[in-house]
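**Student:** Prediction below, plus the sequence it came from.
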Amino acid sequence: MTKLKYRFNAETLSFELHHISRKRRLKRAGLLFILTFVVAIGCFACYSQYFDTPKVLSIRQDNAALVLQLELLKKQITLADKILQQLQQRDNNIYRPTFGLDNIPSSIRDAGFGGVDRYAHLEKSIYSNILIDCSRNLDKLLRKVYIQSVSFDTVAKNATIIEQMVDCVPAIQPLAHVTPRVTSPFGYRTDPMFGDNRPHEGIDLAGHVGEVVFATGNGRVVAVERSFARTGYGNMVLVDHGFGYKTRYAHLHVITVKKGDLVKRGQQVGTLGNTGKSTGPHLHYEVLMRNKPVNPLNFFANDIESEDFSSIMHLGKTGENIAKRND
């Protein structure tokens, strides 16, 4: 049932039926809708300001968890840096000096990154401070780790070289004598055959014909000479040990190696003899360092025990057997 509206007419002092046009009704409805919409927006804004929506609350929780993880990562980077500093100190104070390497200065270990700003893309984040700190510290740590890794590689390489060098340097006597019986020392001497003063570039070790002569270090036979003339070295073997060292075994009776053979310390290279310019059975033994003769006595391990010497001889014989099988 349609409700009728009346309006009081003051002129006629009577109530008259009031008609509202359709256009006016639509206008009122539009204004009411707009007002309702504005009020709803205002209420939502006020609610959002003081209360989080479920989605916003979830995002905030995720952000808080990420920040916590970044803080933890920052602490872990700091701890890793402290551990690396301890490695650096041991490297500079122990490892590198042990193998004759110079220390790596802190200016190189702790060098930063130059050039353009590497972290400009992080400055727009609301967590830019912690992101930049973590990124910068991580980059520094990775650089330090790289430098330390290169240093350890260098130390390992030198350790391997030194280990090889220890096996190659002529360090034992060429005869199986606990005490060397030197009949003619290194240096100038009166030549036993010509009577004048001449340099003697090795030492003469007394012995009996047929005594085994051993290689005094690992190396390769680079020269073998056989001569029964009463001049020169007679039967001679020259071994190149690498690292600038060579040894010569002269006046041999029998030579048991050939040119190109690899020999191990303690392996037989021949037997003591009396060939060449020799006045009696002995071994002429030389040590050459960068092709210059040096006193062989300086290379003898005087503190070596007889049992250790025997074990070296055993290793030498093992190497000799292997070489024969390879031939």
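**Tutor:** On my side now, so go ahead. Numbering: from 1, shown residues only.
**Student:** what's the longest strand in this protein?
**Tutor:** strand 245-255 (DSSP state E).
**Student:** in its sheet, what does it sit against?
**Tutor:** strand 235-242 (antiparallel), strand 268-272 (antiparallel), strand 282-289 (antiparallel) (DSSP bridges).
**Student:** right, and these - which one's nearest Gly187?
**Tutor:** Nearest to Gly187 among these is strand 282-289 (12.5 Å), distances taken as Cβ to Cβ. All C-beta spots, glycine's among them, are computed from the backbone N, C-alpha and C.
**Student:** Using a markdown table, lay out the strands paired with strand 245-255 together with distance to Phe300.
**Tutor:** Shown next, in a markdown table, are the strands paired with strand 245-255 (distance: least, Cβ to Cβ, whole Å):
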| stretch | distance to Phe300 |
| --- | --- |
| strand 235-242 | 15 |
| strand 268-272 | 17 |
| strand 282-289 | 10 |
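**Student:** mind giving me JSON lines with the ones you listed and columns for mean neighbour count and distance to Arg248?
**Tutor:** Listed next are the strands paired with strand 245-255 as JSON lines, based on neighbours: other Cβ atoms under 10 Å; distance: least, Cβ to Cβ, whole Å:
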{"stretch": "strand 235-242", "mean neighbour count": "22", "distance to Arg248": "5"}
{"stretch": "strand 268-272", "mean neighbour count": "22", "distance to Arg248": "11"}
{"stretch": "strand 282-289", "mean neighbour count": "22", "distance to Arg248": "4"}
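**Student:** Using a markdown table, lay out the ones you listed together with mean pLDDT and distance to Ala171.
**Tutor:** Converted to a markdown table, the strands paired with strand 245-255 look like this (pLDDT from 0 to 100; distance: least, Cβ to Cβ, whole Å):
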| stretch | mean pLDDT | distance to Ala171 |
| --- | --- | --- |
| strand 235-242 | 96 | 10 |
| strand 268-272 | 97 | 16 |
| strand 282-289 | 95 | 10 |
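**Student:** To Phe214, which of those strands lies closest?
**Tutor:** The nearest among these, by Cβ to Cβ, is strand 268-272 at 6.1 Å.
**Student:** Convert the C-alpha atoms of the closest one to PDB, please.
**Tutor:** Coordinates of each C-alpha in strand 268-272 appear next as PDB, following Å, rounded to 0.1, in the frame of the first residue of the first chain:
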ATOM      1  CA  GLN A 268     123.500 -49.500  -5.700                       C
ATOM      2  CA  VAL A 269     125.100 -47.700  -8.600                       C
ATOM      3  CA  GLY A 270     128.300 -49.700  -8.800                       C
ATOM      4  CA  THR A 271     131.200 -51.100  -6.700                       C
ATOM      5  CA  LEU A 272     134.300 -49.500  -5.400                       C
END
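**Student:** For Ser135, give me its contacts.
**Tutor:** Arg118, Tyr119, Leu122 (Cβ atoms under 8 Å, 6 or more residues apart in numbering).
**Student:** residue boundaries of the helices in the protein?
**Tutor:** 22-50, 54-90, 96-98, 106-109, 128-168, 306-326 (DSSP state H).
**Student:** Need these in CSV (columns: mean pLDDT).
**Tutor:** As requested, the helices of the chain are exported to CSV (pLDDT from 0 to 100):
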stretch, mean pLDDT
helix 22-50, 81
helix 54-90, 85
helix 96-98, 80
helix 106-109, 84
helix 128-168, 87
helix 306-326, 48
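**Student:** so which of these comes closest to Ile255?
**Tutor:** helix 306-326 (13.3 Å).
**Student:** Name the nearest residue to Ser227, sequence neighbours excluded.
**Tutor:** Residue nearest to Ser227 in three dimensions, not counting chain neighbours: Gly234, with 5.5 Å by Cβ to Cβ, 6 or more residues apart in numbering.
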